[in-house]
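Novice: only geometry, no sequence info:
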């Protein structure tokens, strides 16, 4: 069985300071991993994805994440927070075994990021 | 174009009403999904369509009835809903085959009175 753990339900940072949102996964197979962002009353937007290529993945809006197999982690970072980054962030995993069928996502519980002026 | 559209944006319905939610994508994706999302929670998968056929039904009550008329459209028919069904309903689509990311629509905010 696959699970995704987001270690912080809330993170608060000041504008211009670094952001770190933590995610750990467990899976019997090497998963594909994603970070999605959801602004209030909006759908989910894909920030970045890891699919067994480079372990450091760059995404949109200055975000990046590093896949560390030894730590089963996929933490999301950004060097300098902007007010518009305030949102809910979901870490998501999909099992890595090959199949022709559509694949289900396993969501973490989410991290609410607050950016203080 | 990586857009998934959903209509309506908001829907208020009584428990005896029948309504439908609509989702559309023109990315050529052959997998489409319905999710239900309650406040402060991650989305919960309801249904998966693969090549226009229902492939996964996550034990969803029969008052929710999905339909996939063609490869671009996905509907969710609602009948005799309960107040606890009030939520944000999200549609998503993805390519088939190897693991591909899902693209989400903006959602329909449903309130059952």
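Specialist: Perfect, I can see it now. Here the structure is a predicted model, which is why all the values come from computation and not from measurement.
Novice: please make it C-alpha for all contacts and neighbour counts, starting now.
Specialist: Fine.
Novice: for chain B, which residues are neighbours of chain A?
Specialist: Contact residues (C-alpha under 8 Å from any C-alpha of the partner chain) of chain B with chain A: B:31, B:41-43, B:48-50, B:90, B:96-99, B:101, B:103-107, B:109.
Novice: per-residue pLDDT, residue 100?
Specialist: Answering for chain A, as no chain was given. We have a pLDDT of 43 for residue A:100.
Novice: I was thinking of chain B, sorry if that wasn't clear
Specialist: 72.
Novice: among the residues of chain B next to chain A, name the buried ones.
Specialist: Neighbour counting by 16 or more other C-alpha atoms under 10 Å in any protein chain shown classes B:31, B:42-43, B:48-50, B:90, B:96, B:99, B:101, B:103-107, B:109 among these as buried.
Novice: how near is the residue nearest the centre of chain A to residue B:16?
Specialist: The centroid of chain A falls nearest to residue A:35 when counting by C-alpha atoms, centre = their mean (3.0 Å). Applying C-alpha to C-alpha, to the nearest Å, the value for residue A:35 to residue B:16 is 39 Å.
Novice: touching chain B at all, stretch A:24-36?
Specialist: Yes: Stretch A:24-36 reaches chain B (C-alpha under 8 Å from any C-alpha) through A:32, A:34.
Novice: looking at that stretch now, give me its mean pLDDT.
Specialist: Rounded mean pLDDT across stretch A:24-36 is 84.
Novice: out of the buried ones among the residues of chain B next to chain A, who's nearest chain A?
Specialist: Chain A has its nearest neighbour among those in residue B:106, at 3.9 Å by C-alpha to the nearest C-alpha.
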